[in-house]
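# after the sequence you'll find the predicted model.
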Amino acid sequence: GSKLGVANVGDSGMMHLRRKDSVASSVIGRTNEQQHRFNCPYQLSRLPTEEDFPRLLSEGRTALVNLLKKNPTVFQDSPADADLYTFDLQEGDML
């Protein structure tokens, strides 16, 4: 069989199914959701830093700058935060 590597971030997910017979399938594996807290899933993001504020203000993005100043600890998730999985695949498996 083959192996499938998966990197999963946030509330997306994948399920690995294998057919038992012509009608039924069983769950072989799945990825888990990632959340910081209820209704706050991990999301890939890159927010502006303080060095970006003068440019943003000159572009009229005052509301964004004010929001970032008011909430300096906004969650920023990167690909390094992904959960990594390896699935052993067989012909006929479904993802």
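Cool, the structure landed. This one's a predicted model, so the numbers in the text were calculated from it and none came from an experiment.
# list of residues touching the helix ranked longest in the chain?
Scanning the chain for the helix with the most residues, using DSSP state H, yields helix 62-70. Contacts made with helix 62-70 from outside it, assessed by C-beta atoms under 8 Å, 6 or more residues apart in numbering, are listed as 47-48, 53, 56-57, 74. C-beta coordinates here come from the backbone N, C-alpha and C atoms, glycine included.
# give the next helix or strand downstream of that helix.
On the C-terminal side of helix 62-70, the closest following helix or strand by DSSP states H and E is strand 83-89.
# flag every buried residue along that next one.
Of the residues in strand 83-89, those buried under the neighbour-count criterion (16 or more other C-beta atoms under 10 Å) are 85, 87, 89.
# please apply the same query to stretch 58-68.
Counting neighbours by 16+ other C-beta under 10 Å, the buried set in stretch 58-68 is 61, 64-65, 68.
# from those residues, which one has the minimum pLDDT?
The lowest pLDDT within the buried residues of stretch 58-68 belongs to Leu68, which sits at 90.
# flag the shaky bits of this protein, pLDDT-wise.
Applying pLDDT under 70 to the chain flags no residue at all.
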